[in-house]
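[1] generate coordinates for the sequence data below:
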Amino acid sequence: MLDWKILVAAFAALLIASTVLVGGAGGFGLTDIFNKIGEWLKSSPFGGFFQTPVASIHEVDVALKPKTYTLKTSSNINLSIDSINFVDFNGNIEADFQGKTLVFTEANTPLNIKMPLQNITIHDIRVDKIFLDETDFSVSSNQLETTGENGTIEIFDFYGEIRFSPDSVELHGNVSMVRGNNKDIV
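    Residues are numbered from 1 along each chain as shown. A predicted model of the protein is given here:
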């Protein structure tokens, strides 16, 4: 009699081989297939066999000193600045550190608000990717600190708070990866 583990392994191998031979199953990737199989088998003892890998998360503090910085939000944010309240804002926030201005541009609308650059903190913000070139940066994580001058920094899957000041941007939160000057930092 066949052991159930052998049967499941043979089924998985057959599924993967047929997916590779068909060339992605008409647009489906392996991740999509594993997710569907996991849903089908969730209530059975085989449900844990098919799981999508999860990116590791690292807690970081990042200080940036660019000339300009454009933050493209990946989620709606709520923010209060003096008597102005932004509710469910989704768009770009551009900080010009030389001209000391801050511009909010709502996505898919002509709304554009320009104000003097001041100390502002945005809580619970999600940003898929942050890329800056020709900037000074400092990254601190797990007692490890890395700095760069006039370099390139990439931050992936950031979630946390972002603080603007008249001279810099600080990020405090979680990321999946940080690259500085084309090297993995975190």
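
[2] how close does Ala13 get to Lys5?
    Note on Ala13: its distance to Lys5, by CB to CB, to the nearest Å, is 12 Å. (C-beta placed from N, C-alpha, C; glycine too.)

[3] which ones are touching the nearest residue to Asn76 once chain neighbours are set aside?
    Distance criterion CB to CB, 6 or more residues apart in numbering; nearest residue to Asn76, sequence neighbours excluded, is Asp88 at 4.2 Å. By CB atoms under 8 Å, 6 or more residues apart in numbering, the contact list for Asp88 reads Asn76, Ile77, Asn78.

[4] and the pLDDT at the most centrally placed residue in the chain?
    Centrality entry for the chain: nearest residue to the mean C-alpha point is Asp157, 1.6 Å, by CA atoms, centre = their mean. Looking at Asp157, its pLDDT reads 93.

[5] what helix or strand does it sit in?
    strand 144-164 (DSSP states H and E).

[6] list the pairing partners of that strand within its sheet, with orientation.
    strand 120-141 (antiparallel), strand 169-175 (antiparallel), strand 177-180 (antiparallel) (DSSP bridges).

[7] between those strands, which one is nearest to Glu106?
    strand 120-141 (15.0 Å; CB to CB).

[8] report the buried residues of the closest one.
    Using 16 or more other CB atoms under 10 Å as the test for burial, strand 120-141 gives 120, 122, 125, 127, 130, 132, 135-141.
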